[in-house]
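Engineer: I would like to see how this sequence folds:
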Amino acid sequence: MPKKFQPESEQSLSEILQIRRDKLTALQEAGRDPYRETKYDVTHHAADINDHYEEMEGKIVSLAGRLMSKRGMGKVSFCDLQDNSGRIQLYVRRDLVGEEEYAWFKKCDIGDIVGVRGEVFKTEKGQISVRASSVTLLSKSLQPLPEKFHGLTDRETRYRQRYVDLIVNPEVKDTFVKRSMIMRELRAFLDSRGFLEVDTPILTPFEIGASARPFYTHHNTLNMDMVLRIETELYLKRLIVGGMERVYEVGRIFRNEGMDPKHNPEFTTIELYQAYTDFHGMMDLVEDMMKTVAQNVCGSLVIPYQGQEIDLGHWERLTMVEAVKKYSGVDYADWTTDEDAITCAKAYNIELPELPTKGAILAEFFDAYVEDKLIQPTFIYDYPVENSPLAKRKPDDPMFTERFEYFINATEFGNAFSELNDPIDQRGRFEKQVADRKALEPDSKAQVDYDYINALEYGMPPTGGLGFGVDRLVMLLTDSASIRDVLLFPTMKPLEQ
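Structural biologist: Next up, the predicted model:
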């Protein structure tokens, strides 16, 4: 007695895997090995037909894609084919494709990749379809797709198996299409402003004194340890010294630090430098850039993000001192000495930084009282010199620097300076930064980049610099809650096989 057909949804995974492999073996023994196909001529995509049916009706087309559903009706099968542009229904009849071809087609599984040639028409129910005259199996799916009604919903699995996520959750692809649009608009904006895109080294010879922790690797031929870059800044500013007045780099950055919804060990930034301007020029550039990209990508300057309406058409500008006073009531002007700041911090239960100076404590107040209030676009400028080793001091108050960060939805999106071009001041700050680091971490390998100091000694013009995270911008413009949602392959801890 023949075995009763059992849908895949009622079978165990091991049964499904074995059945699919048995089907592959049978195909190969019958001379129908799907993996031998080397090409398939595609003339149209699903969207071409769905969007232009009046022009396409009656035409012969050739498509290829993945079977996403099958509904058998004796001598006729209806299927949904998914390609890069969307889905379209296939109408496959035994008397049109031939009895032998139809017999093996009925054994195809959801997930198989096929090529189809046929005529565009509408069914009696008005469904745009392709009436197949031939179907070619191009690749056999040995793994079942996630079950139709539950799908691939576990986020960890979606991030680990992005290839499946893209197949079964079409909106995921939309996010990455939009990411590509954002990158294109950013480049177009900067190119139109006369910036030149360049590439600088990812592997660097040593760890600089910055607070970010790098990844180490080893170069066998040179027999030397090397560091994956934590920024692109110092090489780009060497180019400003060399006479390239406007440069930018779309750079992959690597930091050996924690992971959370806003941080991944490798991420993408854009850093840019413009000679003969300052941080105010960078502020204007950021505002224009954000408005241009949002309008061109999203069609609006009011962006929905995680339940908030973000208005990129309006930007507030506050100094750090003004922001701390506005949101905490604490006035930096009342602190005459570092001890005054320490006393105030203790009164407000502010955790003291490792080196508790007035400027460092002001930054702690900002973190505690201000950042989470900055929902709408806000520039915070005039940062303490203690945490701005590469920014130019303010001429009228050398305890502060010409630096800003901009915040949206309580998140820092970018950082900009009037770049320090005094090689003597820069040397002193670098050496102090490295000394402070080694005082806290005696085994630290951090070094001063004396070649960069040498470059500055040749003379760097007054320069405005900006760096911002591309991934956070994509999160904002695609309403994505986590950086993992906008990285095709986020860093994940391997599972035991």
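
Engineer: doesn't F407 lie inside a helix?
Structural biologist: No: counting by DSSP: H, G, I helix; E, B strand; the rest coil, F407 falls outside a helix, being strand.

Engineer: what is the neighbour count of it?
Structural biologist: Residues near F407, counting by other Cβ atoms under 10 Å, number 22. The way it works is simple: take the backbone N, C-alpha and C, and place the C-beta from them, glycine included.

Engineer: try G242
Structural biologist: Counted with other Cβ under 10 Å, G242 comes out at 11.

Engineer: then M226?
Structural biologist: Neighbours of M226 (other Cβ under 10 Å): 19.

Engineer: pull the contacting residues for it.
Structural biologist: Taking Cβ atoms under 8 Å, 6 or more residues apart in numbering as the criterion, M226 is in contact with L203, T204, P205, Y216, T217, H218, H219.

Engineer: so what pairs up with the fifth one in the strands?
Structural biologist: Right, the one you point to is T217. Going by DSSP bridges, T217 is paired in beta bridges with M226.

Engineer: for it, give me the pLDDT.
Structural biologist: As predicted, T217 sits at a pLDDT of 96.

Engineer: distance of it relative to D225?
Structural biologist: 7 Å (Cβ to Cβ, to the nearest Å).

Engineer: what do you get for G209?
Structural biologist: 16 Å.

Engineer: those two: which is more packed in?
Structural biologist: The residue with more neighbours, out of G209 and D225, is G209; 20 against 13, by other Cβ under 10 Å.

Engineer: identify the residue nearest N296 in space, chain neighbours excluded?
Structural biologist: E185 (5.0 Å; Cβ to Cβ, 6 or more residues apart in numbering).

Engineer: could you do S85 as well?
Structural biologist: Closest to S85 by Cβ to Cβ, 6+ apart is A47, at 3.5 Å.

Engineer: show me which residues of the helix or strand where the one you found lies are buried.
Structural biologist: When elements are assigned from DSSP states H and E, A47 belongs to helix 46-51. Within helix 46-51, the residues scored as buried using 16 or more other Cβ atoms under 10 Å are A46, D48, I49, N50.

Engineer: what does F468 show for phi and psi?
Structural biologist: phi -150, psi 150 (degrees, to the nearest 10).

Engineer: report the beta-bridge partner residues of the nearest residue to it once chain neighbours are set aside.
Structural biologist: Closest residue in space to F468, ignoring its immediate chain neighbours: G414 at 3.1 Å, by Cβ to Cβ, 6+ apart. Taking DSSP bridges as the rule, G414 bridges to Y406, F468.

Engineer: touching, G414 and I408? I think so.
Structural biologist: No: shown here, G414 and I408 do not form a contact pair, counting by Cβ atoms under 8 Å, at 9.7 Å.

Engineer: pLDDT below threshold where in this structure?
Structural biologist: Low-confidence segments of the chain, defined by pLDDT under 70: 1-10, 148-152, 497.

Engineer: go through it and flag its longest strand.
Structural biologist: strand 60-73 (DSSP state E).

Engineer: skipping adjacent residues, who's closest to N50 in space?
Structural biologist: I128 (5.7 Å).

Engineer: what's the separation between that neighbour and I49?
Structural biologist: For I128 relative to I49 (Cβ to Cβ), the value is 6 Å.

Engineer: could you tell me which residues touch both of those two?
Structural biologist: Common neighbours of I128 and I49 (Cβ under 8 Å, 6+ apart) are I88, V120.

Engineer: now whichever strand or helix holds V297: buried residues?
Structural biologist: Under the criterion of DSSP H and E, V297 resides in helix 279-298. By neighbour count on 16+ other Cβ under 10 Å, the buried set for helix 279-298 is 279-283, 285-287, 289-294, 297-298.

Engineer: what do you get for stretch 345-357?
Structural biologist: A345, I350, P356, T357.

Engineer: measure that stretch end to end?
Structural biologist: 11 Å (Cα to Cα, to the nearest Å).

Engineer: now that stretch, how far from the centre of its chain.
Structural biologist: Distance of stretch 345-357 from its chain centroid, counting by Cα atoms, centre = their mean, to the nearest Å, is 35 Å.

Engineer: likewise for stretch 368-381?
Structural biologist: Counting by Cα atoms, centre = their mean, stretch 368-381 comes out at 23 Å from the chain centroid.

Engineer: CA-only coordinates of that stretch, as CSV, when you get a sec.
Structural biologist: Extracted C-alpha coordinates of stretch 368-381, given in CSV (Å, rounded to 0.1, in the frame of the first residue of the first chain):
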residue,chain,number,x,y,z
ALA,A,368,24.2,62.1,33.4
TYR,A,369,21.8,65.0,32.9
VAL,A,370,21.8,66.0,29.2
GLU,A,371,22.3,63.3,26.6
ASP,A,372,19.1,61.4,27.2
LYS,A,373,17.1,64.7,26.8
LEU,A,374,18.4,65.4,23.3
ILE,A,375,15.7,63.8,21.2
GLN,A,376,15.4,66.4,18.5
PRO,A,377,18.6,67.3,16.5
THR,A,378,21.0,69.2,18.7
PHE,A,379,24.6,70.4,18.3
ILE,A,380,26.6,70.4,21.5
TYR,A,381,29.8,72.4,21.1
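
Engineer: may I see the buried residues of that stretch?
Structural biologist: Buried residues in stretch 368-381 (16+ other Cβ under 10 Å): A368, Y369, V370, E371, L374, I375, Q376, P377, T378, F379, I380, Y381.

Engineer: can I assume N349 sits in a helix?
Structural biologist: No: read with three-state DSSP, N349 is coil and lies in no helix.

Engineer: returning to that earlier point: list the buried ones in the very next helix or strand once past the helix holding V297?
Structural biologist: The first helix or strand that comes after helix 279-298 along the chain, using DSSP H and E, is strand 302-305. Neighbour-count burial for strand 302-305 flags I303, Y305 (criterion: 16+ other Cβ under 10 Å).

Engineer: packing partners for the next helix-or-strand element following strand 302-305?
Structural biologist: Downstream of strand 302-305, the first helix or strand assigned by DSSP H and E is strand 308-311. Identification of packing neighbours for strand 308-311 by 3 or more Cβ pairs under 8 Å, 6 or more residues apart in numbering; DSSP states H and E yields strand 302-305.

Engineer: related to what we said a few turns ago, which pair in the contacts of M226 spans the largest distance?
Structural biologist: Farthest-apart pair in the contacts of M226 is T204 and H218; separation 13.4 Å (Cβ to Cβ).

Engineer: for stretch 113-120, buried residues please.
Structural biologist: So for stretch 113-120, counting by 16+ other Cβ under 10 Å, buried means I113, V114, G115, V116, R117, G118, E119, V120.

Engineer: out of those, which are inside strands?
Structural biologist: Per DSSP E, the buried residues of stretch 113-120 map to strands at I113, V114, G115, V116, R117, G118, E119, V120.
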